[in-house]
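A.B. asks: any chance you can model this:
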Amino acid sequence: MVYIYNGMPAAALGSEGWRKPWSGGNGGNCLETMKLADGRVAVRQSADPDGPALIYTSGEIAAFIEGAKSGQADFLLT
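C.D. replies: Sure, this is the predicted structure:
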């Protein structure tokens, strides 16, 4: 069993199960996500698949997505 922690090497989570829910034709620099067995979500940079994985709870991911949908992250685009 792999101990999963924030900042761990994404490669330690394996290569199967990663998805690119956000892609914008930006030359391959996309976020990839993986739903973990315990409900948490791992996020990695597609250009650096062996780099660190950020691990979020399902509540944290839900709050981010809902906030982004309501425009709370729009400041990141300007």
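A.B. asks: let me see the contact set for Y5.
C.D. replies: I55 (CB atoms under 8 Å, 6 or more residues apart in numbering). No exception for glycine: its C-beta is placed from N, CA and C like everyone else's.
A.B. asks: that one and L54, how far apart?
C.D. replies: Separation of Y5 from L54 (CB to CB, to the nearest Å) stands at 10 Å.
A.B. asks: what ranges do the strands span in this structure?
C.D. replies: 19-22, 31-35, 41-45, 54-56 (DSSP state E).
A.B. asks: which of these sits most buried?
C.D. replies: Burial of the strands of the chain is given as mean neighbour count (mean count of other CB atoms under 10 Å); strand 41-45 ranks first at a mean of 19.
A.B. asks: for I65, grab the count of nearby residues.
C.D. replies: Neighbourhood size, I65 [other CB atoms under 10 Å]: 12.
A.B. asks: okay, which residue is most central for the chain?
C.D. replies: The centroid of the chain falls nearest to V43 when counting by CA atoms, centre = their mean (2.0 Å).
A.B. asks: ok, that one - contacts?
C.D. replies: Per CB under 8 Å, 6+ apart, neighbours of V43: L31, E32, T33, A53, L54, I55, Y56.
A.B. asks: P21 too?
C.D. replies: L31, T33.
A.B. asks: is it true that E32 touches S46?
C.D. replies: Yes. Here E32 reaches S46: they are 5.0 Å apart, a contact under CB atoms under 8 Å.
A.B. asks: any residues in contact with both of those two?
C.D. replies: K20.
A.B. asks: G67: what's it in contact with?
C.D. replies: Taking CB under 8 Å, 6+ apart as the test, what G67 contacts is A73.
A.B. asks: what about it, distance to A37?
C.D. replies: Distance of G67 to A37, given as CB to CB: 26 Å.
A.B. asks: go on, A68?
C.D. replies: A68 is 26 Å from A37, by CB to CB.
A.B. asks: more crowded one of the two?
C.D. replies: Set A68 next to A37 and count neighbours by other CB under 10 Å: A68 wins out with 13 against 7.
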